[in-house]
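**Q** need a structure here:
(chains A, B, C and D)
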There are 2 protein chains.
Amino acid sequence: MEKKDAIDALAALAQPTRLEAFRLLVKQEPDGLPAGEIARRLDVPHNTMSTHLAILTRAGLVSAQRHSRSMIYRAELGLVRQLVLFMLKDCCNGQPDLCAPLIEDIMTSCSPSRSCCG
Amino acid sequence: MEKKDAIDALAALAQPTRLEAFRLLVKQEPDGLPAGEIARRLDVPHNTMSTHLAILTRAGLVSAQRHSRSMIYRAELGLVRQLVLFMLKDCCNGQPDLCAPLIEDIMTSCSPSRSCCG
DNA sequence: ATAACGTGTCGATAATTCCCGACATATGGA
DNA sequence: TCCATATGTCGGGAATTATCGACACGTTAT
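**A** Coordinates of the predicted model:
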């Protein structure tokens, strides 16, 4: 992932409505949600939400697919993975000992046997 | 981590100079760098950099400590960990099967035996 | 005390982002 | 065809953010 792509993704998530929309779509994986339903659930005008969804799409964090009249949006977890790797890149390339405990902690917190991220 | 804290951290990183400064500090762990040196290396006026460092500090991504005339800035990897957990929270709480491969991939990419994040 | 150095703060301008009403486009049903 | 539904686009005003010169503060050396 290039620096510019990371900036785009970070900026896309650094806005309350967009962060909420993205997290909602993560919860809905792998089914996704239509644009209007997202707007309704977050209580945001449809055109405002449309703009936000376009920004998330340009950043690669979500994708859309037509389904009859609706646009079904889905979270792109692959890009989250790339973004996380980008943020960790400098310590795990240069200083694995700094990064290892961090990774281990994340893995532990997110293992299926635990409720995580408390 | 609260939503507001995540937004602050994401917004802090969603700016080229600040992202570069943060990554520079990650590379310099655990020694850190004085403010002026960061400004010099990234070729940014000292007062502009001072503002950016203040934003990173408020977001908790870096910390500063006086050392004679200099302010030594250091990356706070703990907050990166929290931010990553926050972003993964919804899939690993609700759908561990979605999150597990993602985590495994990150762990593999960042293991000491590999150069990662290609 | 005076000067030099390293940083931070203030203020003003420029640039960007956010929001939403109004309008446009696309699809499906009557 | 005509209408309702679902979504996207445009325009412009409000709010936020970025930048940097000028100045202030604290620290060290002479």
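
**Q** quick one: is the lengthiest helix in chain A near chain B?
**A** If you go by DSSP state H, chain A has its longest helix at helix A:77-94. Yes: residues of helix A:77-94 contacting chain B under Cβ under 8 Å from any Cβ of the partner chain: A:77, A:80-81, A:83-94. (Glycine included, C-beta is placed from N, CA and C.)

**Q** same for that helix, what does it pack against?
**A** Judged by 3 or more Cβ pairs under 8 Å, 6 or more residues apart in numbering or on different chains; DSSP states H and E, the packing partners of helix A:77-94 are helix A:3-13, helix A:96-109, helix B:16-28, helix B:77-94, helix B:96-109.

**Q** buried stuff in the second one?
**A** Of the residues in helix A:96-109, those buried by neighbour count under the rule 16 or more other Cβ atoms under 10 Å in any protein chain shown are A:Pro96, A:Leu98, A:Cys99, A:Ala100, A:Leu102, A:Ile103, A:Ile106, A:Met107, A:Ser109.

**Q** which ones are touching A:Ala6?
**A** Applying Cβ atoms under 8 Å, 6 or more residues apart in numbering or on different chains to A:Ala6 gives the contacts A:Leu83, A:Phe86, A:Met87, B:Leu19.

**Q** now the second one: how far from A:Lys4?
**A** The span separating A:Phe86 from A:Lys4 equals 11 Å under the rule Cβ to Cβ, to the nearest Å.

**Q** between those two, who's got more neighbours?
**A** Neighbours around A:Phe86 and A:Lys4, counted as other Cβ atoms under 10 Å in any protein chain shown, are more numerous at A:Phe86. The numbers are 19 against 9.

**Q** Does the more buried one touch A:Met1 like I think?
**A** Yes: between A:Phe86 and A:Met1 there is a contact under Cβ atoms under 8 Å: 4.6 Å.
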